[in-house]
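What would the 3D arrangement of this be:
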Amino acid sequence: MSTFNTTLAADTLVRNVAISPELFGVVIPEHMKAQVKPYAGFAADNAFSAAIPSRNDHYVFEPSLRASVLMWINYPQGQSLWISGPTGCGKTSIVEQVAARLNWPLMKTTASQDLDINSLVGGLRLVCDTMTGDTRTDFLYGPLALAYKFGLIFLLDEYDQLDPSCANAFNAILEGGNLVIPETNEVIKKHPNFRFVATANSIGQGDLTGVYGGVKVLNVANLDRYMFINANYMPKDVETSLIKKFISDEVLVGKFVEIANIIRKLFVGSDIAGDFNQSNDSSSVKVSAVSPDTRLSVTCSTRSLIAWVERFSLMNKAKMPEALQVSFDLQIGNRAGADDKRALHAILKAVFG
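Sure, this is the predicted structure:
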């Protein structure tokens, strides 16, 4: 499971490197720079540097989401973090990009109904001695045990896919209790730098939208141990500044972002709290062929939007025919059923003409 040296002292990682808030997109006036306190991070070459997420220099932090995540990561107050939101809104990437800039090693696992806590803690495995060729049975730490002992971030994606009984098994970890390894009788105490993050398409109350298959209703006692952040898609101005990194034509950028926002407003899974009575009239583009009551089964996440923009740029440069619609279908349209695809094409035509 692990290629890290687990014989290191538990206090091997020291969080004592000054990290400027400017790395997170925070603009600091020149006359205030000396007064702003830096964040505490880790050395880039720390013992678990292989687990530091890759830094995306094109990443644009949404200010309110950034503020909430940074507040929690610096002052967790004994709580874990739950980030909920529709698919592709950046729940995982915000944690990874914060960790990347703090050089904070992160262990990421995707949950499923078959996952159990024991597989995350570790287990006995046959190990071959590279010098002698002899085999022996050793206990190998899983990602959760590594994070708990050495003070890493543990990120469990799709947390609401867990069976409720498995989710309850995390309660002792969420409370900061000792982690006992039965196979070795080792008692692991929670490291002060340990952080537990859960991401989900729901708020733990089950799927209220009908599009997120496998989402479970979780125990209130388990949910009570989290600080909750409800993430959403980027505001239009923030996303526009991001897409400008890929296309220089501002008019074209505006149209790409406009389409993404229209699709999101019609996506049935956008409001994970199940409130479908919100106004959809903020777009300046009216799509007469698509009813405002339409509920699409696909969405256009920022990730999909960037992929579409890059695919279009590649095809357009090669002068391929119908580059706009073909690139759109390759990244978004071909996921949809026939009726939804017709609606998506109508949106595309209304915006681009």
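
that's a strand at residue 126, yeah?
Yes - assigned with DSSP: H, G, I helix; E, B strand; the rest coil, residue 126 falls within a strand.

For stretch 35-43, which outside residues touch it?
Stretch 35-43 is contacted by residues 13-21, 28, 70, 74, 101-105 when judged by Cβ atoms under 8 Å, 6 or more residues apart in numbering. For the C-beta atoms, the positions are set from N, CA and C on the backbone; glycine is no exception.

got the buried residues for that stretch?
39, 41-42 (16 or more other Cβ atoms under 10 Å).

mind checking the SS state of residue 26?
coil.

Figure out the helix or strand that residue 140 lives in.
strand 135-141 (DSSP states H and E).

Any buried residues in that strand, and which?
Buried residues in strand 135-141 (16+ other Cβ under 10 Å): 139-141.

and the helix or strand residue 156 falls within, how far from the chain's centre?
Assessed by DSSP H and E, residue 156 sits inside strand 153-157. Computed by Cα atoms, centre = their mean, to the nearest Å, the chain-centroid distance of strand 153-157 equals 9 Å.

For whatever helix or strand comes next after that strand, could you pull out the residues that count as buried?
Downstream of strand 153-157, the next assigned helix or strand under DSSP H and E is helix 164-168. If you call a residue buried by 16+ other Cβ under 10 Å, then helix 164-168 has these buried ones: 166-167.

what's the distance between residue 19 and residue 220?
36 Å (Cβ to Cβ, to the nearest Å).

wait, residue 40
Counting by Cβ to Cβ, the gap from residue 40 to residue 220 is 34 Å.

Same check on residue 203?
Distance from residue 203 to residue 220, by Cβ to Cβ: 12 Å.

If we ignore the residues flanking it in sequence, what's nearest residue 201?
residue 212 (4.4 Å; Cβ to Cβ, 6 or more residues apart in numbering).

what lines up beside the helix or strand of the chain with the lowest mean pLDDT in the sheet?
The weakest-scoring helix or strand in the chain, judged by mean pLDDT, DSSP states H and E, is strand 122-128 (a mean of 81). Applying DSSP bridges to the sheet, strand 122-128 is found paired with strand 135-141 (antiparallel).

what helices or strands is the next helix or strand after the partner strand leaning on?
On the C-terminal side of strand 135-141, the nearest following helix or strand under DSSP H and E is helix 143-150. Here helix 143-150 touches strand 106-110, helix 117-121, strand 153-157, strand 179-181, strand 186-188, going by 3 or more Cβ pairs under 8 Å, 6 or more residues apart in numbering; DSSP states H and E.

Quick check: which element contains the residue lying farthest from the centre of the chain?
The centre of the chain is farthest from one residue, residue 132, which by Cα atoms, centre = their mean lies 43.4 Å away. Here residue 132 sits in a region with no helix or strand, counting by DSSP H and E.

one step back: CA atoms of the least confident helix or strand of the chain as CSV?
This file holds the C-alpha atoms of strand 122-128, laid out as CSV (Å, rounded to 0.1, in the frame of the first residue of the first chain):
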residue,chain,number,x,y,z
GLY,A,122,-3.7,-1.0,6.3
GLY,A,123,-3.1,-4.7,6.6
LEU,A,124,-0.6,-7.6,6.7
ARG,A,125,1.2,-8.2,3.5
LEU,A,126,3.9,-10.6,2.3
VAL,A,127,7.1,-8.6,1.7
CYS,A,128,10.2,-9.8,-0.1
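
what comes up buried for that strand?
residue 122.

Stretch 307-320 now?
Under 16+ other Cβ under 10 Å, the buried positions of stretch 307-320 are 307-309, 311-312, 315.

Check the offset of it from the chain's centre.
Offset of stretch 307-320 from its chain centre (Cα atoms, centre = their mean): 27 Å.

sorry, back to before: could you check the angle the least confident helix or strand of the chain makes with helix 143-150?
100 degrees (axes from the mean of the first three to the mean of the last three Cα atoms, to 10 degrees).

Cool, thanks, signing off.
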